[in-house]
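Novice: I would like to see how this sequence folds:
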Amino acid sequence: MIRRAQVIVLLLVLAAGAWAREPDGSLGLIRAPHEGMPVLVGKTLVFEVVLRAKGDVRIEREGVSIAVSIQWREVQGMWHGLCQLPQGVPEGAYALAAEANGQTDRNVRSVFVYASFPESYRFAQLTDIHVGADREWGHGADIFRKAIETVNASGAAFAVLTGDLTHNAGPDEYLEFIAILDTCTLPTFLAPGNHDREQGAYERVFGGGTYAFNFGPDAYLSYDTKDFIVAGEYGAQDADIELFRRAMRPARWSIGFTHRYETSMGMRAQLALFVDTPLDHLIFGHAHRANKEDEKTVPWGTTPFTVTPAAIDGYWRLFDMSSNGIKPEPPRRFLALP
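Specialist: Numbering: from 1, shown residues only. The predicted model follows:
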């Protein structure tokens, strides 16, 4: 998995009762991976973790604990560990546990082991979830719970959740969002939205929004539209995007996902994403509607995009991935609304 140096993790409750998060949902000892950015481990059985302190690391599943051999390096006050799993580890989802300085953290749904990756598959998108909001057809948390149940039954390989995860970015909203997210049986990859931003809440709970990962032959890039709305053009994310796009070049298809696309976003990033090394497809939300017939590609380059309507309004979408291309299916309803 490709990741930036400051990628951060969230952890959940240990069976023994130790908490991986602070009471407000902020991150604990383990900084990466987490349920918003898990690692997908293939034949090499190698992945990276980021901890606040150097310690012992293991993966756990169904009462079985598997020790991980690890090589450490310190980067800007964080400990990055290159982990090697032993041969013969069964496929499936694992919790990651770490222990350092008397503190133990455990994060469910953070390590997914695969014997092989499929050449053809589907992934799901949910966007504009707004946990904490109310609609006449229900509360945001109840709607999100139904959405996750639908995604679990879809046969998708993984899900991307493209922002406005919460309505007001409050600690209670994030804690409720995480509790529901962890009922998902698939890997889930998050991108922050403008509603997730109050006083740096997203960074405290899920870390940075710019990272990349591979699923089989394809590469995926999450970038954070915050930098292009409230910050100057020449920020750290521009350099990250350049590096990720270069690393993604050998992929069969390269797919970007973010909360929204704006033609006013920084030109340096747009050149990297859509001109110099153009993405094959861009996926986002924010508009609470699908894109219209005249809204198919970015103004420069040839990158097509797909906008998915809001989950808070009962919508989700599947994408078919194969050697024939990237095929967005029409938006689906998981709620029967009037």
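
Novice: Quick one: residues contacting F305.
Specialist: Taking Cβ atoms under 8 Å, 6 or more residues apart in numbering, we find F305 in contact with Y261, H281, L282, I283, F284, N291, E295, K296, T297, V298. Just so you know, the C-beta spots here come from the backbone N, C-alpha and C atoms, and that holds for glycine as well.

Novice: how near is it to E295?
Specialist: 8 Å (Cβ to Cβ, to the nearest Å).

Novice: same deal with W72?
Specialist: From W72 to E295 the distance is 47 Å (Cβ to Cβ).

Novice: Quick one: the helices in the stretch 101-250 of the chain, in order.
Specialist: 140-152, 171-181, 201-206, 236-247 (DSSP state H, counting those that start in this stretch).

Novice: among those helices, which is nearest D24?
Specialist: helix 171-181 (4.0 Å; Cβ to Cβ).

Novice: how many degrees apart are the closest one and helix 140-152 in direction?
Specialist: 20 degrees (axes from the mean of the first three to the mean of the last three Cα atoms, to 10 degrees).

Novice: Helix 171-181: how far from the chain's middle?
Specialist: In terms of Cα atoms, centre = their mean, to the nearest Å, the centre of helix 171-181 is set 15 Å apart from its chain centre.

Novice: packing partners for that helix?
Specialist: Here helix 171-181 touches helix 140-152, helix 201-206, going by 3 or more Cβ pairs under 8 Å, 6 or more residues apart in numbering; DSSP states H and E.

Novice: 6 Å - rerun?
Specialist: helix 140-152 (3 or more Cβ pairs under 6 Å, 6 or more residues apart in numbering; DSSP states H and E).

Novice: want to throw the contacts of F305 into TSV with neighbour count and distance to R204?
Specialist: Shown next, in TSV, are these (neighbours: other Cβ atoms under 10 Å; distance: Cβ to Cβ, whole Å):
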residue	neighbour count	distance to R204
Y261	24	26
H281	21	31
L282	23	28
I283	26	26
F284	25	24
N291	18	32
E295	13	34
K296	10	37
T297	14	36
V298	18	32
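
Novice: quick check, nearest of those to R252?
Specialist: H281 (12.0 Å).

Novice: give me phi/psi at the closest one?
Specialist: phi -160, psi 150 (degrees, to the nearest 10).

Novice: circling back to that earlier point, can you convert the contacts of F305 into a markdown table and add a column each for distance to M267 and pLDDT?
Specialist: Below are the contacts of F305 laid out as a markdown table (distance: Cβ to Cβ, whole Å; pLDDT from 0 to 100):
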| residue | distance to M267 | pLDDT |
| --- | --- | --- |
| Y261 | 14 | 90 |
| H281 | 21 | 98 |
| L282 | 16 | 97 |
| I283 | 21 | 98 |
| F284 | 19 | 97 |
| N291 | 22 | 94 |
| E295 | 20 | 91 |
| K296 | 21 | 92 |
| T297 | 17 | 93 |
| V298 | 12 | 93 |
